[in-house]
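Asker: any chance you could fold what I've pasted below:
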Amino acid sequence: MTGITAGDYPTRFLRADGWRTATENEGVVMDLLSRRGGASRADLARLTGLAPHSITRLVEPLLARDLLNEAAPIVAGRGKPSAKLTLNGAAAFSAGVSVMTDAVSLVLLDLAGTIAASRSARLADAAIVPACAQIRQMLDAAIADTGWDRAALVGIGFGVTGYFIGDGARLNPPRLLDPWALIPLDRVLADAFGEKVWIDNDGNVAALGETMLGHGRTTADFAYLYFSAGFGGGVMASGRPLRGRNGNAGEFASILPTGWPQPNLETLRETFAGAGMAYPDIHSMLARFDPDHPSVEGWLDTVMPSVNLIASAISATLDPDMIVLGGRLPATLARRMIERIVLINPERRGCHRPSPWIMASAIDGDAAAIGAATLPLRAAFFDPENNARSVDKHQPSHRESVSE
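Answerer: A predicted model of the protein is given here:
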């Protein structure tokens, strides 16, 4: 399961004889179109291994429900002209919210994966009622700016900093988010917003965002390092989130022995403060971030042994294609860290273990909010974990699905 859910789909996505969201097999088609940006029926038949008439039976209902668009046929050499199918972004949209210790971010994401609006602000009050009121104002303003029909809102995804305690949607966040701790957040937020909601921690949703809009379009196996007030991450395996028994896979900070420096942005803020540049919170520090300040180099000297150990442990235990550095980490700082990462990888018979690529996140914007917005869309239309997907045996690998 991707995240924890509460509430019902809006009536627009229900009908008397069943869901208007994608069926199990339709989800395969929509997932392929999401990754490729578009494909003909012949392309879908080739990629899934299904017969053309089977693809037609899947595609026609999606066209009838306006979930897909089909362009005019294009003649390309001999044979029947092909028409390109694409996702209809206007058919549905979702909201994603990232709740951090000092700030809250929100994005609106349409069915085609286009970010239509975004908001970010300092968290005025961490208590649930005023925090939800602030988020509701941000959501209302964002929807008003787009001019979208609110009835097309599938739901709201929330990425909250903290780890699950093994009891539903109860998270254990840092002290600054005490009001959010150890309560059934799925039910609380569904009641507060009157919408279907999804809950996951910030590292998991950031990895999902990278899957939909970043490096995940070209690699299905990667570990995501999430830098914020704390440090964590998420793991994608074969294009699916590896959440673990309690939803806490990717708690990479716990790899470090006691006393090792935590490579988070709070320690960077403290380093700046020690040099006479005091910021009230991380939100303020990032707004004025100077990558060339001497404090940055000092912070790197302190935390890079920790980053090297974590990256080495990930490489050895998960063997991913890629390790992505992201979260609230400025791109300029991510690149400097990548230049200094050294993996523990001893030589044997002149050979080393294959090492993962180490890359800065390809997402422009708040990764956790973007990832949170993918939760409702994945669950309703794309998610291979939430769907049994009876045609899974025909589904191509990620690398096949994105190759031309």
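Asker: which residue ranges form the helices in the stretch 51-200 of the chain?
Answerer: For the stretch 51-200 of the chain, the helices defined by DSSP state H, counting those that start in this stretch occupy 52-64, 128-146, 185-193.
Asker: could you dump these into a markdown table and include distance to Gly203, mean pLDDT and mean neighbour count?
Answerer: Placement of C-beta: from N, CA and C, glycine included. As requested, these are exported to a markdown table (distance: least, CB to CB, whole Å; pLDDT from 0 to 100; neighbours: other CB atoms under 10 Å):
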| stretch | distance to Gly203 | mean pLDDT | mean neighbour count |
| --- | --- | --- | --- |
| helix 52-64 | 33 | 91 | 15 |
| helix 128-146 | 20 | 96 | 16 |
| helix 185-193 | 16 | 95 | 20 |
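Asker: excluding its backbone neighbours, what's nearest Pro294?
Answerer: Once flanking residues are discounted, Pro294 sits nearest to Ala275: 7.0 Å by CB to CB, 6 or more residues apart in numbering.
Asker: wait, isn't Ala253 in contact with Ala229?
Answerer: No. Between Ala253 and Ala229 there is no contact under CB atoms under 8 Å: 11.6 Å.
Asker: show me which of the two is the more surrounded one.
Answerer: Using other CB atoms under 10 Å as the criterion, Ala253 and Ala229 rank with Ala229 on top: 24 against 20.
Asker: would you confirm that the more buried one contacts Ile282?
Answerer: Yes. Counting by CB under 8 Å, Ile282 is a contact partner of Ala229 at 5.7 Å.
Asker: returning to that earlier point: identify the contacts common to Ala253 and Ala229.
Answerer: Common contacts of Ala253 and Ala229 (CB atoms under 8 Å, 6 or more residues apart in numbering): Asn264.
Asker: burial of Ala275, as a residue count?
Answerer: 12.
Asker: show me what contacts it?
Answerer: His293, Pro294, Ser295, Gly298.
Asker: if we can go back for a sec, distance to Thr21 for the helices of the stretch 51-200 of the chain - can I get that in TSV?
Answerer: TSV is the format used below for the helices of the stretch 51-200 of the chain (distance: least, CB to CB, whole Å):
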stretch	distance to Thr21
helix 52-64	11
helix 128-146	20
helix 185-193	17
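Asker: please state the offset of stretch 306-324 from the chain centre?
Answerer: Remark: stretch 306-324 is offset 19 Å from the chain centroid, using CA atoms, centre = their mean, to the nearest Å.
Asker: would Pro320 count as being in a helix?
Answerer: No. Counting by DSSP: H, G, I helix; E, B strand; the rest coil, Pro320 falls outside a helix, being coil.
Asker: Phe222 versus that one, what's the distance?
Answerer: 5 Å (CB to CB, to the nearest Å).
Asker: who has more neighbours, those two?
Answerer: For Pro320 versus Phe222, neighbours defined as other CB under 10 Å are more numerous around Phe222 (27 against 20).
Asker: I'd assumed Ala206 was in contact with the more buried one.
Answerer: No. Using CB under 8 Å, Phe222 is not in contact with Ala206, being 11.7 Å away.
Asker: Gly239 contacts Thr218, correct?
Answerer: No. Here Gly239 does not reach Thr218: they are 11.2 Å apart, not a contact under CB under 8 Å.
Asker: more neighbours, these two?
Answerer: Taking other CB under 10 Å, Gly239 and Thr218 do not tie; Gly239 has more neighbours (19 against 15).
Asker: near the nearest residue to the more buried one once chain neighbours are set aside, how many other residues are there?
Answerer: Once flanking residues are discounted, Gly239 sits nearest to Ala220: 4.1 Å by CB to CB, 6+ apart. Other residues within reach of Ala220, judged by other CB under 10 Å, total 21.
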